[in-house]
Each structure stands twice: as C-alpha cells, then as structure tokens.
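# just need the structure, nothing else, for what follows:
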Amino acid sequence: MNILFLGDIVGDSGCFAVKENLPKIIKDKSIDFVVVNGENAAKEGVGITENITNELLNSGVDVITTGNHVWDQKETYDFINKQNRLLRPINLLQKPPGKGFDIFNSKKGFKIGVLNLMGNIFMKKCNDVFIEAKNFLEKNKLKNDYDFLIVDFHGEITSEKMAIGHYFDGSATLVVGTHTHVPTNDGRVLKNGTAYLTDAGMCGDYNSVIGMNTQNSINRFFKRDFFKDQTKEHFLGENKQAAEPVFVPKKNAVSEDDGFVVGFVYDKTSDSSEFVIIDANNFSDEPLATVSLPQRVPFGFHGSWINLD
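Alright, predicted model coming up:
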C-alpha cells in the first residue's frame, strides 16, 4: 500500500505542478492513495475554489485537506457540503459546513480514514485539539473502522505537532504536519508504529516567500476586497520587510474593517524590528503607531490575536 501526501499547494504554480506531474508519479511509483493540503491553492494563494478542487481531484488526488484559510474563498462555504473529498479541520468552532473526517476506499479496496486537525497555538481560535483527538480516538479505531488512518495536523508550532504525533502513535498510520510551507527533515516511525513528519512543506514556487510573490512579502502589506475586486497597499518603506499581518477587530465593531492591522516589520538598514499598528479603514495612511523593538524579530514570525475580554 503506497500513500502519497503533498504539503500545502500554493497558487497557480503549485496547482500547475501537481496537475502536470501527479499522474506520472502515481503511475511510476504505483501510488494507491493521494492526500494533499489545498487550503492555499486559489490564485491569490489563500483558500480553494470549487473549480480548483475538481481539477485536483481529476488529476489523481483522492482527498484534499485544508486549514486556517479554508473559508478565504467565500464559495467554499457553499460547495463543501457537496464535495465529500474536501475536508476542513474537524475542530473548527460552531459546527461549520463540511466534514473533518471521512473514510475512503483506495484503488485496492482498503478503507482509508483521513482526519483533518488544526492546532491551537498561534492559529485561528478553534476547539482544543487534544480534546478533539481524544474524542475521536474513543469513537474510531485503527483496523476496526478503517485499515489506515492519515492525520493532517495543520499547525504552527513544532512542539504541538510532535505532541499530536505521539498522541496518535499506534492509533494512526501517518501523522503529518502542514501550514508553515517549510519542509522538515525529521521523518521517522514512532515507537508504536506511526509514521511521523513535522511538516511536509509546500507545492509552490521555490523562488518565493513560502509560495508567495517576493515583492508582496517584502516592503508592503496588502488588503484584498474580493467582493469589490480591489486591492489596497500599505507601503512600509525602503529596505523594510513585512511579516504576516494580523487583523484586530475593534470592540463592538460595526463594519468588516472596523479594527486594526498589526504586524512586525524588519528594517534591513538598521538590522532592527518594529511593531506597526494600522487603521484598517484607512489602510494606505501612515501607521497609527510604530513601536521600536529592543531586538530583531525573526523574519516570517507570525501569530494570531486573541481577545481576552
């Protein structure tokens, strides 16, 4: 039984690479079952569309998992219930549409369980992943309910991924991490027989910043309005590099943009970092505040905002 797992597919280049090469790989390597993470497969590099879902499935993919960007293309919320081979994290809040787990048949007739989980640390708020995993394993058993179990753990923190790997050791065939777009070199078989890899990396442009256009990731933030088909940018300054921004909603916000965009900015000239706060309603204006930090923040560092009120 040969299972192929591919990390986050990013944008047009990632989709093209998979569609062009996957059929030959399946044939040459006698692949029986293919799982890919497709949450960044849309042209913009965030979310997935119905058309792209169908193209990937027609190219030989058996199941598509997702993560924190699953709803970034609004149409996904409508079509995911019609496509049982597209999964979303099982521990999302408020019981959204779609499923986080299902059992599929391989070409050889084996029952393959695929479970999609999302981490809690530095990710969008979701139900406790370890409680969700405990509840899942109480109801579903390897070799009784399915022949193989593949777990896609979409998370930011290495230690959290490793903990999930050990938690499922002996109860899953494979636990593999996604989300960072950077592959890790720690693939191994755990004590009780579960194959484990912290992160599978991505399918996307090698000469990029985690699959995105380098210019979009260097000296400016972008805000995209998909309904109006408009893009606004906030220029950070020459020789400055932007990390991934986070939106912080105002208390009692009325409109979608009532809040602030915050993020880390690295200044290559001074080898220092800043924390900037931008008015989301006036995105292109000067920052409301810029905080000089006592030390450089590693480029690529990002997280989530949690309101403790």
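# from here on, contacts and neighbour counts on C-alpha atoms
Will do.
# residues making contact with the top helix by length along the chain?
The residue-count maximum for a helix in the chain (DSSP state H) belongs to helix 11-29. Here helix 11-29 makes contact (C-alpha atoms under 8 Å, 6 or more residues apart in numbering) with 9, 31-32, 40-46, 52, 55-56, 59-60, 203-205, 211-212.
# starting at the chain centroid, how far to the next helix or strand after that helix?
Going down the chain from helix 11-29, the next helix or strand is strand 33-37, by DSSP states H and E. Remark: strand 33-37 is offset 14 Å from the chain centroid, using C-alpha atoms, centre = their mean, to the nearest Å.
# quick one on the thing from earlier: C-alpha coordinates for the longest helix of the chain, PDB please?
This file holds the C-alpha atoms of helix 11-29, laid out as PDB (Å, rounded to 0.1, in the frame of the first residue of the first chain):
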ATOM      1  CA  GLY A  11      -1.400  29.400  -6.000                       C
ATOM      2  CA  ASP A  12      -1.200  28.800  -9.700                       C
ATOM      3  CA  SER A  13       2.300  27.400  -9.800                       C
ATOM      4  CA  GLY A  14       1.500  24.800  -7.100                       C
ATOM      5  CA  CYS A  15      -1.600  23.700  -8.900                       C
ATOM      6  CA  PHE A  16       0.200  23.600 -12.200                       C
ATOM      7  CA  ALA A  17       3.000  21.400 -10.800                       C
ATOM      8  CA  VAL A  18       0.600  19.000  -9.200                       C
ATOM      9  CA  LYS A  19      -1.700  18.700 -12.200                       C
ATOM     10  CA  GLU A  20       1.300  18.200 -14.600                       C
ATOM     11  CA  ASN A  21       3.300  15.800 -12.500                       C
ATOM     12  CA  LEU A  22       1.000  13.800 -10.300                       C
ATOM     13  CA  PRO A  23      -0.400  11.400 -12.900                       C
ATOM     14  CA  LYS A  24       3.100  10.300 -13.900                       C
ATOM     15  CA  ILE A  25       4.200  10.000 -10.200                       C
ATOM     16  CA  ILE A  26       1.100   7.800  -9.500                       C
ATOM     17  CA  LYS A  27       2.000   5.500 -12.400                       C
ATOM     18  CA  ASP A  28       5.700   5.300 -11.800                       C
ATOM     19  CA  LYS A  29       5.600   4.900  -8.100                       C
END
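# what comes up buried for that helix?
Buried residues in helix 11-29, counted by 16 or more other C-alpha atoms under 10 Å: 11-16, 18-19, 22, 26.
# out of those, which is nearest to residue 261?
residue 11 (23.8 Å; C-alpha to C-alpha).
# from residue 234, how far out is the closest one?
Distance of residue 11 to residue 234, given as C-alpha to C-alpha, to the nearest Å: 22 Å.
# name the strands paired with the helix or strand where residue 175 lies and say parallel or antiparallel.
According to DSSP H and E, residue 175 maps onto strand 174-178. Within its sheet, and counting by DSSP bridges, strand 174-178 is paired with strand 148-154 (parallel), strand 195-197 (parallel).
# pick the most buried one from those strands.
Most buried of these, by mean neighbour count (mean count of other C-alpha atoms under 10 Å): strand 148-154, with a mean of 25.
# pLDDT weak spots in the chain?
Residue ranges of the chain with pLDDT under 70: 208-220, 226, 229, 299-300, 302-309.
# tell me where the stretch 1-150 of the chain has strands.
In the stretch 1-150 of the chain, the strands defined using DSSP state E, counting those that start in this stretch lie at 3-6, 8-9, 33-37, 63-65, 101-105, 111-118, 148-154.
# can I get those strands in CSV including distance to residue 274?
As requested, the strands of the stretch 1-150 of the chain are exported to CSV (distance: least, C-alpha to C-alpha, whole Å):
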stretch, distance to residue 274
strand 3-6, 35
strand 8-9, 29
strand 33-37, 33
strand 63-65, 35
strand 101-105, 41
strand 111-118, 29
strand 148-154, 28
